[in-house]
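K.L.:
Have a look at this prediction, sequence included:
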Amino acid sequence: MTISNITIFLPSMLTLIGIPGLEYMQCWIGIPFFAMYLIAIIGNSFLLIIIKLERSLHEPMYIFLSMLGITDIALATSIVPKMLGIFWFHVPEIYFDSCLLQMWFIHTFQGIESGILLAMALDRYVAICYPLRHASIFTHQLITKIGIIVTLRGAILVAPCLILIKCRLQYYHTTIISHSYCEHMAVVKLAAEDVKINKIYGLFVAFTVAGFDLIFITLSYMQVFITVFRLPQKEARLKAFNTCIAHICVFFQFYLLAFFSFFTHRFGSHIPPYIHILFSSMYLLVPPFLNPFVYGAKTKQIRVNVIKMLCS
């Protein structure tokens, strides 16, 4: 039902235009996106199979890594199929409720990934700073509880964003989303009503999850480095540091891309829109794509088992 020439009441369909300004290149842009998605699925699935089959890897560090792999697969799958539908098959339409569901999946999996990175940092902190107590602290029961808490935290914190949009925003200037997926602020900006509460809550969720996790991850690794550098033997220092280097690489690539995307989206008004969209899409795809390579290259146990599996 159209209320006026410029407002639409509760639209049932929305249109994702992909990458504004680069519509003529989207067919080609979809190729590297598909390649990254395919490698992310295969690489993370391969890690999951190795961790599942190799009993020596049934330790907290690798269990958290398997959680990260599952989250990466789910996160990439939340955006790429629809994105390729826009780029390759010219199917930009999406149901309003499906758009909200995609938004919930994307931001929930982002929160879950951040929480898993925090759990991995705490695991390394206990393993290096309190090695004799590590096995008694990080039991399988605790790991299960951490997985449940991290998942529920992400899902519950993001859910009010959907409720606020669905219940408070009824009139929209347009149904065209200048994005390649249903991102929270991209959807909120369509509304013709006051969206201050939606923006504030979105920022609250972002800073609550990312801010809390970032602080404790940083403190954990700072304490780890202090402990490592105090070790008397050089070999022991190198071994302890090598167990953390892969986690630190994943931590930096996740948060640096996240903050760059966040600040360019909100404060880079002079930056062309296609730059915003490309970086926000890369932010969601690059970590799932790179994580298997980082852990495969930097984690000896995984590297050995990959070679063993490929050579058998």
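P.N.:
Here it is on my side, so go on. Numbers count the residues shown, from 1 in each chain.

K.L.:
So, low pLDDT: which residues of this structure?
P.N.:
The chain contains residues with pLDDT under 70 at 1-6, 236, 261-269, 312.

K.L.:
any chance you could map the helices in it?
P.N.:
26-53, 60-89, 96-129, 134-137, 140-168, 184-188, 196-206, 212-229, 234-267, 273-298, 300-311 (DSSP state H).

K.L.:
Please state the backbone phi and psi of the closest residue to Cys99 other than its chain neighbours?
P.N.:
Nearest residue to Cys99 in three dimensions, chain neighbours excluded: Cys182, at 4.1 Å (CB to CB, 6 or more residues apart in numbering). (Glycine included, C-beta is placed from N, CA and C.) Main-chain dihedrals, Cys182, degrees, to the nearest 10: phi -90, psi 90.

K.L.:
For Ile86, see how far away Cys182 is.
P.N.:
12 Å (CB to CB, to the nearest Å).

K.L.:
Please identify every residue contacting each of these two.
P.N.:
Shared contacts of Cys182 and Ile86 (CB atoms under 8 Å, 6 or more residues apart in numbering): Leu16.

K.L.:
Quickly note the distance from the residue nearest to Cys99 to Val150.
P.N.:
Using CB to CB, which is the criterion applied here, Cys182 is 23 Å from Val150.

K.L.:
Over to Trp104?
P.N.:
16 Å.

K.L.:
Among those two, which residue is more densely surrounded?
P.N.:
Val150 (23 against 19; other CB atoms under 10 Å).

K.L.:
follow-up on the earlier one: generate a markdown table for the helices of the chain, with distance to Ile8 as supplementary columns.
P.N.:
Listed next are the helices of the chain as a markdown table, based on distance: least, CB to CB, whole Å:
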| stretch | distance to Ile8 |
| --- | --- |
| helix 26-53 | 26 |
| helix 60-89 | 21 |
| helix 96-129 | 11 |
| helix 134-137 | 55 |
| helix 140-168 | 14 |
| helix 184-188 | 14 |
| helix 196-206 | 17 |
| helix 212-229 | 38 |
| helix 234-267 | 24 |
| helix 273-298 | 22 |
| helix 300-311 | 51 |
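
K.L.:
Please name the residues that touch the residue nearest in space to the middle of the chain.
P.N.:
What sits nearest the mean C-alpha location of the chain, by CA atoms, centre = their mean, is Gln110, with 3.5 Å. By CB under 8 Å, 6+ apart, the residues touching Gln110 are 75, 154, 209, 258, 284.

K.L.:
and what of Ala258?
P.N.:
110, 210, 283.

K.L.:
isn't the last one right next to Leu257, touching?
P.N.:
Yes: in this structure, Tyr283 is within contact of Leu257 by CB atoms under 8 Å, at 4.2 Å.
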